[in-house]
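**Q** quick one, fold the following:
(one chain, ligands or ions: 2)
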Amino acid sequence: MIETLDDLDVDGATVGVRVDVNSPIADDGSLADDARLRAHVDTLSELCERGARVAVLAHQGRPGGDEFVSLESHAARLAELLDRPVDHVDATFSDAARDAVRSLEDGDCVVLENTRFYSEEYMEFDPDRAARTHLVTGLAPVLDAYVNDAFAAAHRSQPSLVGFPRVVPGYAGRVMEAELDVLGSIEETPEPRIYALGGAKVSDSIDVAWSVLEKGLADQILTTGVVGNVFLIADGVDLGDDSSDFIYDQGYWDEIDRAADLLDAYGEQIALPRDVAVSRDGDRHEIGINTLPPQDGEAAMDIGTSTLEYYRRLLEDAGTVILNGPAGVFEDDTFAHGTRELYEAATAVPTSIVGGGDTASALRHLGVDGFTHISTGGGAALRMLTAEPLPAVTVLDDESDTNG
Ligand SMILES: Nc1ncnc2c1ncn2[C@@H]1O[C@H](COP(=O)(O)OP(=O)(O)OP(=O)(O)O)[C@@H](O)[C@H]1O
Ligand SMILES: O=C(O)[C@H](O)COP(=O)(O)O
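**A** Ligands and ions are numbered 1, 2, ... in the order given. Here you go, the predicted structure:
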């Protein structure tokens, strides 16, 4: 049983709080979206109000990427959201970091620097080895407790996620608790259970499809987005050179064979698009599967109206729907229709769960709400939706008996 903030004697304790505020970054280096920061406000406010001294740990971006930046602007935004001063220190486990943490008063909060500025944090370790990294051995001596609220990163076994609970009593924060409550009991959600898999991460979606069909978790899979296009090609549909080239360029050509194997094994449970939308003379133009391929220069950018009608009918009988990935290129208004309508229809299902950080921001952008649960996690949510354990959760669970 994982311990939560309810089990933590907070008053005057110095608490390291791992959050996931990995966010889109604008060209000028500022935060382009604060949704992930907002998600952690409850945990951080509660700890500060209960008198903890809070040291926030987080990563941002990946080494070498455009979004690999300091957490300075995250700290400034957190100060606004928490309505209290939040300092930023440009160190994570050095003397400067320890001094900043030691000088906290009850209710104070400091954001330490991007954990991934240190190479070990971008490696995966087992928890014992992670506990011996510089990050953990450097910072743990000034912490009385460790709270993991970073559900969206819990599929990574990186030091700041799995190392601390080995050496400091570990607890789940409020985001982690809520996510585990919903996603940890997928098997108990009402049946029939439909998984709607779209977006562009084709290999991840095929992994999920295999796993949930094999385990009997899914009664039906609805395919959309690039995932749907790959399944159509696997089923022998000629989507034309533009869609095929796109799939090839994205490195997903081999996935067509995996999709074909899946169709052989579970074809009756996998629904494929019945039409697609392309851009013709600057307008949306829908083409039925039987009249494909499209003209040169036309790629399948969205599911069409017949597909939506078909999928809506299937959703009418569902007890649970689990959605991941947009149904089309939702960033372009012309092709946002499929995503908006499919997700809208899903809100009428008794239990509707959305996995995926990018999907969540798409829904905000499209103004669709009313789901039972929208996960803060992308990869982490996908892994839980297949009922697979997350390393950062497993270690909290393993250590909970030894918490003081
Ligand atoms: N038919 C299509 N052709 C090309 N791109 C598409 C198509 N359908 C969807 N996409 C693209 O897929 C992208 C989103 O896919 P992705 O798999 O990253 O979503 P996600 O699951 O929400 O991500 P995350 O798991 O990070 O939350 C969008 O940028 C969208 O434009
Ligand atoms: O955005 C995410 O999915 C998490 O923050 C994990 O980031 P990563 O995929 O770079 O490890």
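**Q** residue 171 should be in a helix, yeah?
**A** No. Under DSSP: H, G, I helix; E, B strand; the rest coil, residue 171 falls outside any helix and is assigned strand.
**Q** next one: residue 393 from residue 127, what distance?
**A** Distance of residue 393 to residue 127, computed by C-beta to C-beta, to the nearest Å: 12 Å. The C-beta positions use only the backbone N, C-alpha and C, and glycine is treated the same way.
**Q** again, but for residue 250
**A** Counting by C-beta to C-beta, the gap from residue 250 to residue 127 is 34 Å.
**Q** between these two, who's got more neighbours?
**A** residue 127 (22 against 15; other C-beta atoms under 10 Å).
**Q** do you know the pLDDT at residue 65?
**A** Looking at residue 65, its pLDDT stands at 93.
**Q** what sits against the residue of the chain found nearest ligand 2?
**A** Taking C-beta to the nearest ligand atom, ligand 2 has its nearest neighbour within the chain at residue 22, 3.5 Å off. Taking C-beta atoms under 8 Å, 6 or more residues apart in numbering as the contact definition, residue 22 lies against 36, 58-61, 67, 152-153.
**Q** can you rerun that using 10 Å?
**A** 36, 58-62, 67, 74, 114, 116, 150, 152-153, 357, 378 (C-beta atoms under 10 Å, 6 or more residues apart in numbering).
**Q** tell me the least confident of those residues?
**A** Among the contacts of residue 22, pLDDT bottoms out at residue 357, giving 70.
**Q** show me what contacts that one?
**A** Applying C-beta under 10 Å, 6+ apart, the residues near residue 357 are 20, 22-24, 33, 35-36, 152, 374-381.
**Q** could you redo the last one with a cut-off of 8 Å?
**A** 36, 152, 375-378.
**Q** show me these that map onto helices.
**A** Among these, the ones falling in helices (DSSP state H) are residue 36.
**Q** ok, which of the contacts of residue 357 also contact ligand 2?
**A** For ligand 2, the contacts drawn from the contacts of residue 357 by C-beta under 6 Å from any ligand atom are 152, 378.
**Q** may I see the contacts of residue 357 organised as CSV, with distance to residue 324 added?
**A** What follows is the contacts of residue 357, written out as CSV (distance: C-beta to C-beta, whole Å):
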residue, distance to residue 324
36, 17
152, 14
375, 9
376, 13
377, 10
378, 8
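**Q** now do the strands in the stretch 301-404 of the chain.
**A** Using DSSP state E, counting those that start in this stretch, the strands of the stretch 301-404 of the chain run over residues 302-303, 320-324, 351-355, 373-374.
**Q** look up how far residue 208 lies from the nearest residue to residue 183 once chain neighbours are set aside.
**A** Using C-beta to C-beta, 6 or more residues apart in numbering and skipping the chain neighbours, the partner closest in space to residue 183 is residue 384 (4.0 Å). In this view, residue 384 and residue 208 are 10 Å apart by C-beta to C-beta.
**Q** find residues that contact each of those two.
**A** Shared contacts of residue 384 and residue 208, defined by C-beta under 8 Å, 6+ apart, are absent.
**Q** name the SS class of the residue lying closest to residue 141 once chain neighbours are set aside, please.
**A** Computed as C-beta to C-beta, 6+ apart, the closest residue to residue 141 that is not its neighbour in sequence is residue 98, at 7.4 Å. Secondary structure for residue 98, judged by three-state DSSP, is helix.
**Q** burial count for residue 98?
**A** 18.
**Q** tell me if I'm right that it and residue 138 touch.
**A** Yes. Counting by C-beta atoms under 8 Å, residue 98 does reach residue 138; the two are 7.3 Å apart.
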